[in-house]
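> Just the structure for this:
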Amino acid sequence: MALASALLQVMTDAVRKTARPMMRDFGEVSQLQVSRKGPGDFVTAADLKAEETLFELLTKARPGYGFLGEERGLVEGTDKSHTWIVDPIDGTTNFMHAMPHFAITVGLERRAPDGSSEIVAGVTYNPVMNELFWAEKGKGCYLNDQRIRVSGRKDLADSLVATGLPFIGKTGHAQAIKDIHAVGQRVAGIRRLGSAALDFAWVAAGRYDAFYERNLKPWDVAAGILFVTEAGGTVTTIEQDGDPKTGATILATNAELHPALRKVLQAS
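Below is the predicted model of the structure:
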């Protein structure tokens, strides 16, 4: 892999190994054992198995690092300055419906002595498409072995924008409709494909010109924040002040489109 460090190799090996049994499950999706984690929020046997595999592989490679996963929550490590942030299947509902748009995503957060933190490495892997997005701070963003960059579009009217929508049991439905109404009048199109991790990656690759979503979690955004910034883009909260790593509100785009789209969303 071009420019990939030993750290990135650990991460890419982990997601590829995790993907192998996941793809067998995907091929037999109608036979999956499913339990309900909440209204409309399914967790599959594959999801749990994938997080366990990632936990074992990453912990073995870097024994002291902490681990924050969607399913198991935070497991603190002896190394308080590093935490893996993991979503074993981002796009679980797509996976459950045999839609080939989901990903394994891993970000590495590094915390400084003053309490500040940054994402220093990330990988997001769509095993169906065999597309591996990866980045390390200061070294650019890549799709497989090819460097990628955000789009250069400057006008909202020409832009394709991705978003997410809350499902049953989640809050924010009314606000999501307001956002779509406000943004939809100003852009070429809006897409909602159901994987925030891939939405970020596609912005980094220039497939989308922008992505926004409210009420995300750290494991949805960790790797993606690094992808977009390393691909030359901008990631902020929708509000004027805030830390995008929390996932509370996200706006990812290129520098030219960012002010105009942020203004639209703040007013909606």
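> what lines up beside the longest strand along the chain in the sheet?
Scanning the chain for the longest strand, with DSSP state E as the assignment, gives strand 79-90. Strand pairing for strand 79-90, using DSSP bridges, gives strand 65-69 (parallel), strand 103-111 (antiparallel).
> So Asn144 is in contact with Leu132, correct?
Yes: under the criterion of Cβ atoms under 8 Å, Asn144 makes contact with Leu132 at 5.6 Å. Glycine gets a C-beta too; all of them are placed from N, C-alpha and C.
> Looking only at neighbour counts, state which of the two leads.
Residue environment comparison for Asn144 versus Leu132 gives the larger neighbour count to Leu132, 23 against 12, counting by other Cβ atoms under 10 Å.
> Is that one part of a helix or strand, or is it coil?
Under the three-state scheme (DSSP: H, G, I helix; E, B strand; the rest coil), the conformation of Leu132 reads as strand.
> Please report how far it lies from Tyr125.
Using Cβ to Cβ, to the nearest Å, one gets 5 Å for the distance from Leu132 to Tyr125.
> now the strands paired with strand 79-90 as CSV including mean neighbour count?
Conversion of the strands paired with strand 79-90 to CSV gives the following (neighbours: other Cβ atoms under 10 Å):
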stretch, mean neighbour count
strand 65-69, 21
strand 103-111, 26
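> Could you pull up the residues touching the residue most central in space within the chain?
Central residue check for the chain by Cα atoms, centre = their mean: the C-alpha nearest the mean position is that of Ala197, 2.3 Å away. Taking Cβ atoms under 8 Å, 6 or more residues apart in numbering as the criterion, Ala197 is in contact with 87, 90-91, 103, 105, 124, 220, 223-224.
> quick one: average pLDDT of the helix or strand containing it?
Using DSSP states H and E, the element containing Ala197 is helix 196-204. When the per-residue pLDDT values of helix 196-204 are averaged, the result is 98.
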